[in-house]
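Peer 1: Structure, please.
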Amino acid sequence: MKDKFYQYIQTLQDQITSKLEAIDGKVKFREDLWKRPEGGGGRTRVIENGDIFEKGGVNISAVHGKLPQSMQSYFKVGEVDFFACGLSLVLHPKNPMAPTVHANWRYFEMYDQEGAIIDSWFGGGQDLTPYYLFDEDAKHFHQTCKTVCDRHHPDFYEHYKKKCDDYFYNTHRSEARGIGGLFFDYCKASKDMTMQQWYDFVTDVGDSFLEAYVPIVEKRKGLPYTKTQRTWQEIRRGRYVEFNLVHDKGTLFGLKTNGRIESILMSLPPHVQWVYDHHPEKGSDEEKLLNVLRQPKDWAI
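Peer 2: Presented below is the predicted three-dimensional model:
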């Protein structure tokens with residue numbers, strides 16, 4: 001399964017970066033191949049200072065070795081070996097009318113001292129972080145997610161949307177990072193789903209990413225905006241940074257397994273503000289966004 005999924009994410013990375021380069025039209029992804037001393041490595045691709053994308057990354061990695069002691073406690077296991085591979089992407093458009101997007105699809109295995117698999121699972125998801133809320137964009141993104149989920153199980157969308165709303169939440173701010181999407185983890189073989197069925201589901205979600213995001217960025221990339229709206233975007237990006245550094249489990253896993261720092265922190269936007277005690281004007285578009293972030297909505301039809 002690990003070889004099959006790793007091959008899938010390599011192909012998906014090529015498909016996504018090719019499409020995003022075509023959308024931007026100015027710059028291309030810079031590729032950076034790296035190796036992890038303990039085992040494995042990755043292929044980082046970063047785009048910067050484009051006409052559309054101010055910064056973004058579409059990265060794949062496959063790492064293996066002894067599970068660090070800090071992660072043994074987290075997984076409640078003893079000394080085991082592990083293998084983890086995945087594709088992680090974040091895109092920060094320059095125009096504040098176009099949303100930031102994040103997605104991740106991953107596979108994990110753990111082995112005993114004889115090399116036998118003792119546990120394995122899939123995880124991943126995709127979520128949208130707008131700075132100005134367009135209801136039709138939110139509905140399109142979520143409807144795309146629901147359509148994929150419904151092909152595999154009638155309860156998946158509702159279940160994984162709620163997990164996304166719960167996970168991407170800045171508890172110290174009492175607000176969501178964005179308007180959500182899907183989040184799933186520890187998807188293991190059971191009487192209801194085989195690992196092949198989980199593979200089919202996760203790869204179907206991965207294949208839906210461009211369909212979910214590209215029409216939105218194409219629609220918003222050329223809209224006019226003001227300096228004030230750009231400032232709001234940078235303030236909201238600050239909340240994005242807070243979540244990734246305070247709450248995100250993927251960031252924590254990468255740092256504790258001696259992952260590549262540049263690739264782990266690639267998700268952080270280039271221009272960010274933290275304005276003391278900032279509050280938007282009542283009745284403004286900015287306040288409209290905050291109201292939704294404090295109380296998740298059902299977007300899918």
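Peer 1: okay, now the residue nearest to residue 25 when sequence neighbours are not counted: neighbour count?
Peer 2: With sequence-adjacent residues excluded and distances taken as CB to CB, 6 or more residues apart in numbering, residue 25 is closest to residue 51, at 5.8 Å. From N, CA and C alone the C-beta is placed, and that goes for glycine too. Using other CB atoms under 10 Å, residue 51 has 15 other residues around it.
Peer 1: Now for residue 51: which residues touch it?
Peer 2: The contact partners of residue 51, taken as CB atoms under 8 Å, 6 or more residues apart in numbering, are 24-27, 94.
Peer 1: Helix, strand, or coil at it?
Peer 2: Following DSSP: H, G, I helix; E, B strand; the rest coil, the label given to residue 51 is coil.
Peer 1: The one 5 residues further on now?
Peer 2: Here residue 56 takes the strand state, with states given by three-state DSSP.
Peer 1: before we move on, back to that, quick one: the residue nearest to residue 25 from residue 23, how far?
Peer 2: As judged by CB to CB, to the nearest Å, residue 51 and residue 23 stand 9 Å apart.
Peer 1: before we move on, what about residue 135?
Peer 2: Here the criterion is CB to CB. By it, residue 135 lies 23 Å from residue 23.
Peer 1: who's more crowded, the two?
Peer 2: A count of neighbours by other CB under 10 Å puts residue 23 above the other of residue 135 and residue 23, at 18 against 12.
Peer 1: Could I get the phi/psi values of the more buried one?
Peer 2: The phi/psi pair for residue 23 (degrees, to the nearest 10) reads phi -70, psi -40.
Peer 1: could you measure it against residue 85, distance?
Peer 2: Computed as CB to CB, the residue 23 to residue 85 distance reads 27 Å.
Peer 1: What helices and strands are in contact with the helix or strand where residue 120 lies?
Peer 2: For residue 120, the element it lies in under DSSP states H and E is strand 117-129. Under the contact criterion of 3 or more CB pairs under 8 Å, 6 or more residues apart in numbering; DSSP states H and E, strand 117-129 touches strand 100-111, helix 135-150, helix 156-167, strand 180-187, helix 195-207, helix 209-220.
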